[in-house]
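Chemist: okay, sequence plus prediction incoming.
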2 protein chains.
Amino acid sequence: MGAERSRSRRADATRERLLVATEELLAERGSHGAGLNEVCARSGVAYGSLYHQFPDGKSDLVATSVRRSGAAIGELLEVLLDQMPLTEAVAAMFANGIATVERSAFARGCPVGTPAATGDDESLRAAATEVFVRWRKAIAKSARRDGRNARTADDLAIALVSLYEGALLVARTERSTRPLRAAAWAAAALVSATAS
Amino acid sequence: MGAERSRSRRADATRERLLVATEELLAERGSHGAGLNEVCARSGVAYGSLYHQFPDGKSDLVATSVRRSGAAIGELLEVLLDQMPLTEAVAAMFANGIATVERSAFARGCPVGTPAATGDDESLRAAATEVFVRWRKAIAKSARRDGRNARTADDLAIALVSLYEGALLVARTERSTRPLRAAAWAAAALVSATAS
DNA sequence: GCTAAACTAGATAGAACTATCTAATCGTGG
DNA sequence: CCACGATTAGATAGTTCTATCTAGTTTAGC
């Protein structure tokens, strides 16, 4: 799979700036609300460059952004799960979610879930699905290590991802971290309730 | 508050058709993805009528739709919570969510959460917040009846709403009811884990 | 049944968005 | 250090979106 084509340093920097701006906008307004004009304005990259870097246009840019954001969060999650027990890693992820919404004054939600919520585009949907599956697999693996059976571990992992996404959505809507704190508490209760 | 201005039967029917179409589109694509053109096309109502019925335009239409959908779901929830124990009512709500996404072939999510996820509009945000608060209050009341203290009841209620919204989002993204089934299982576990 | 108000219809203006195209600039291998 | 491919810039075309405007139709009260 996908050995990345080598690119110049300059091009990489441009891609990076475009993807950062796209990720922000997607987390704020979803896929329909993220206009390419604003992506360019925020990133300081010219319109033409966008289509050079992402020849398939918006669809390409959005799917790449979702995969990238999702991979970054996934890596963090995997590192945490390797270093500490499930309970603590889950708590850390919710703390991270709280930090995200607070830093942006409740403007930004999840850079994967927010665009996925509104996406009528198949490549976006596929990218978001891959991301959710990766997250879930990492959690399920840790849950099995603690002695849970495969089915319980999977269900727990899926529920934790859903809870995280939902709590970010509600928190951003209500402009309050309370939903995230309540969800973190519930996640902990869920983890211990399903402990072997 | 708000005694509704009396309206003709015809006007009520027009409003109704507009709101139904808007609710569908919002649940499918969020607020930015729901174009007024398509609202009119789906409802068979002319463009001008829309602005007669909703003089403040899209903002007005969307907020009204969110409030209406939210009230309908809230009423169902309240009725269920009055008729059966919390566990069963929660299970019924998740079953209802499964039916919704299946009936629409995974095209529609929550008519409140989906637009809220992408909303940069204050009236939409306020409407969605009211809806979430209503749902949560109904659940918390039932949870307190079962002997939970106020804090636990509130946190449980908030978490259940978040879990529901997140599971709908993930289920629609993955085109699978599995996230909703896992979330229903987790919700039941959460309810019994917090039982007095 | 007639009149006035409420409602509906469809055209249109103006802004925003995606995508494309041409010219200019950069930077790296020979 | 020069020449050529890779990259960037900004203008522009064609859609689609929101909102408004004017004319026509229906409903309800007297």
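Modeler: Sure, I can see it.
Chemist: list the contacts of the closest residue to DNA strand C within chain A.
Modeler: Distances between chain A and DNA strand C by Cβ to the nearest atom of the strand are smallest at residue A:57, namely 2.6 Å. C-beta here means a position set from N, CA and C on the backbone, and glycine is covered the same way. Going by Cβ atoms under 8 Å, 6 or more residues apart in numbering or on different chains, residue A:57 touches residue A:51.
Chemist: how about it, phi and psi?
Modeler: When read as degrees, to the nearest 10, the backbone of residue A:57 gives phi 80, psi -150.
Chemist: host element of the closest residue to residue A:154 other than its chain neighbours?
Modeler: Counting by Cβ to Cβ, 6 or more residues apart in numbering or on different chains, residue A:140 is the residue found nearest to residue A:154 once chain neighbours are left out, at 5.1 Å. Element membership of residue A:140, judged by DSSP states H and E, is helix A:122-145.
Chemist: state the mean pLDDT of that helix.
Modeler: Here helix A:122-145 scores 97 as its mean pLDDT.
Chemist: run the chain-centre distance for it.
Modeler: Distance, stretch centre to chain centre, for helix A:122-145: 10 Å (Cα atoms, centre = their mean, to the nearest Å).
Chemist: now do the same for residue A:152: helix, strand or coil?
Modeler: helix (DSSP: H, G, I helix; E, B strand; the rest coil).
Chemist: look up how far residue B:160 lies from it.
Modeler: Distance of residue A:152 to residue B:160, computed by Cβ to Cβ, to the nearest Å: 20 Å.
Chemist: so residue A:118 sits against residue B:113, correct?
Modeler: No - counting by Cβ atoms under 8 Å, residue A:118 sits too far from residue B:113 to count as a contact (10.8 Å).
Chemist: what about whatever residue of chain A ends up closest to chain B, how many neighbours?
Modeler: As assessed by Cβ to the nearest Cβ, chain B sits closest to residue A:166 within chain A, at 2.6 Å. Residues near residue A:166, counting by other Cβ atoms under 10 Å in any protein chain shown, number 29.
Chemist: what strand or helix carries it?
Modeler: helix A:150-174.
Chemist: mind listing what's buried in the next helix or strand after that helix?
Modeler: Once the chain leaves helix A:150-174, the next helix or strand it forms, by DSSP H and E, is helix A:178-193. The neighbour-count check on helix A:178-193 (16 or more other Cβ atoms under 10 Å in any protein chain shown) flags A:179-191 as buried.
Chemist: which other helices and strands contact helix A:178-193?
Modeler: In terms of contacts (3 or more Cβ pairs under 8 Å, 6 or more residues apart in numbering or on different chains; DSSP states H and E), helix A:178-193 is packed against helix A:86-103, helix A:150-174, helix B:150-174, helix B:178-193.
Chemist: could these go into a markdown table alongside mean pLDDT?
Modeler: Below are the helices and strands packed on helix A:178-193 laid out as a markdown table (pLDDT from 0 to 100):
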| stretch | mean pLDDT |
| --- | --- |
| helix A:86-103 | 97 |
| helix A:150-174 | 98 |
| helix B:150-174 | 98 |
| helix B:178-193 | 98 |
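Chemist: can you lay out these as a markdown table showing distance to residue A:62?
Modeler: Formatted as a markdown table, the helices and strands packed on helix A:178-193 follow (distance: least, Cβ to Cβ, whole Å):
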| stretch | distance to residue A:62 |
| --- | --- |
| helix A:86-103 | 19 |
| helix A:150-174 | 18 |
| helix B:150-174 | 14 |
| helix B:178-193 | 22 |
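Chemist: compare those and report which one is nearest to residue B:104.
Modeler: Closest approach to residue B:104 among those is made by helix B:150-174 (8.9 Å; Cβ to Cβ).
Chemist: got the CA coordinates for stretch A:162-182 in PDB?
Modeler: Only the C-alpha atoms of stretch A:162-182 are listed here, as PDB (Å, rounded to 0.1, in the frame of the first residue of the first chain):
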ATOM      1  CA  SER A 162     -19.400   6.700  20.200                       C
ATOM      2  CA  LEU A 163     -19.400   8.200  23.600                       C
ATOM      3  CA  TYR A 164     -16.400  10.300  22.800                       C
ATOM      4  CA  GLU A 165     -17.800  11.600  19.500                       C
ATOM      5  CA  GLY A 166     -21.200  12.300  21.000                       C
ATOM      6  CA  ALA A 167     -19.800  14.100  24.000                       C
ATOM      7  CA  LEU A 168     -17.700  16.300  21.800                       C
ATOM      8  CA  LEU A 169     -20.800  17.100  19.700                       C
ATOM      9  CA  VAL A 170     -23.000  17.900  22.700                       C
ATOM     10  CA  ALA A 171     -20.200  19.900  24.500                       C
ATOM     11  CA  ARG A 172     -19.600  22.100  21.500                       C
ATOM     12  CA  THR A 173     -23.300  22.600  21.000                       C
ATOM     13  CA  GLU A 174     -23.900  23.600  24.600                       C
ATOM     14  CA  ARG A 175     -20.600  25.500  24.900                       C
ATOM     15  CA  SER A 176     -19.800  23.600  28.100                       C
ATOM     16  CA  THR A 177     -17.300  21.000  29.100                       C
ATOM     17  CA  ARG A 178     -19.800  19.300  31.300                       C
ATOM     18  CA  PRO A 179     -20.900  16.800  28.700                       C
ATOM     19  CA  LEU A 180     -17.300  15.700  28.300                       C
ATOM     20  CA  ARG A 181     -16.700  15.400  32.000                       C
ATOM     21  CA  ALA A 182     -19.900  13.400  32.400                       C
END
